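*Asks:* dropping a prediction and its sequence here:
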Amino acid sequence: MTDSQLKGKKVAFLVAPEGIEQVELTEPWKAVQEAGGEPVLLSTAPGQVQAFNHLDKADTFDVDVVVDDASPSEYAALVLPGGVANPDALRTSLSAVKFVGQFAASTRPVAAICHAPWTLAEADVLKGRRMTSWPSLRTDLTNAGAEWVDEEVVVDRNGPGPLVTSRNPDDLPAFNRALLEAIA
């Protein structure tokens, strides 16, 4: 992918105020930037978000837009980083779930890694979709209507837009490639 293939495309990264697995935010963010895209950090509250390296506090990141003030139509794609606490908090936010549901109903890509598909399940957008995640989500995602598989990356096109999913940080190289291909 060249550094201009995503030129002029804004990509939303939606996270809760804390509990984000840092590498699942920073690596896709960097991939979008290097491809010429503009990553935008959305959260449910203004200020900064607290990332984690597993269970240890890591860096903080400035929120660009509060999800209440965001319109899905402004973005070429949506990325949902994982971490256990992050998607668990997002799925309790009506505005975050609404944003995810509206985005998933569009023809634009949604990418979720690790525990992030919990928010997709809450938005009720997984019926008939093939996907992967952190293994402990298998039952939740199956109950939400998805076909769960244990693969490095899954790109499902059986819906309005592509759904890109991966299991964990080890899958980030494949996840990032699939994300960029889905956007381009």
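*Replies:* Perfect, I can see it now.

*Asks:* identify the residue nearest the geometric centre of the chain.
*Replies:* Leu80 (1.5 Å; Cα atoms, centre = their mean).

*Asks:* residue contacts, Leu25?
*Replies:* Phe13, Val15, Ala51, Phe61, Pro81 (Cβ atoms under 8 Å, 6 or more residues apart in numbering). No exception for glycine: its C-beta is placed from N, CA and C like everyone else's.

*Asks:* mind doing that once more with 6 Å?
*Replies:* Residues counted as contacts of Leu25 (Cβ atoms under 6 Å, 6 or more residues apart in numbering) are Pro81.

*Asks:* ok, back up a step: could you check how far the residue nearest to the centre of the chain is from Glu151?
*Replies:* 18 Å (Cβ to Cβ, to the nearest Å).

*Asks:* could you look up the SS state of Val79?
*Replies:* At Val79 the chain is in strand, as set by DSSP: H, G, I helix; E, B strand; the rest coil.

*Asks:* same check on Ser133?
*Replies:* Ser133 is classified as coil under three-state DSSP.

*Asks:* can you pull the pLDDT of the residue nearest to it when sequence neighbours are not counted?
*Replies:* In this structure, Ser133 finds its nearest non-sequential neighbour in Pro117, 4.6 Å apart by Cβ to Cβ, 6 or more residues apart in numbering. Per-residue pLDDT puts Pro117 at 98.
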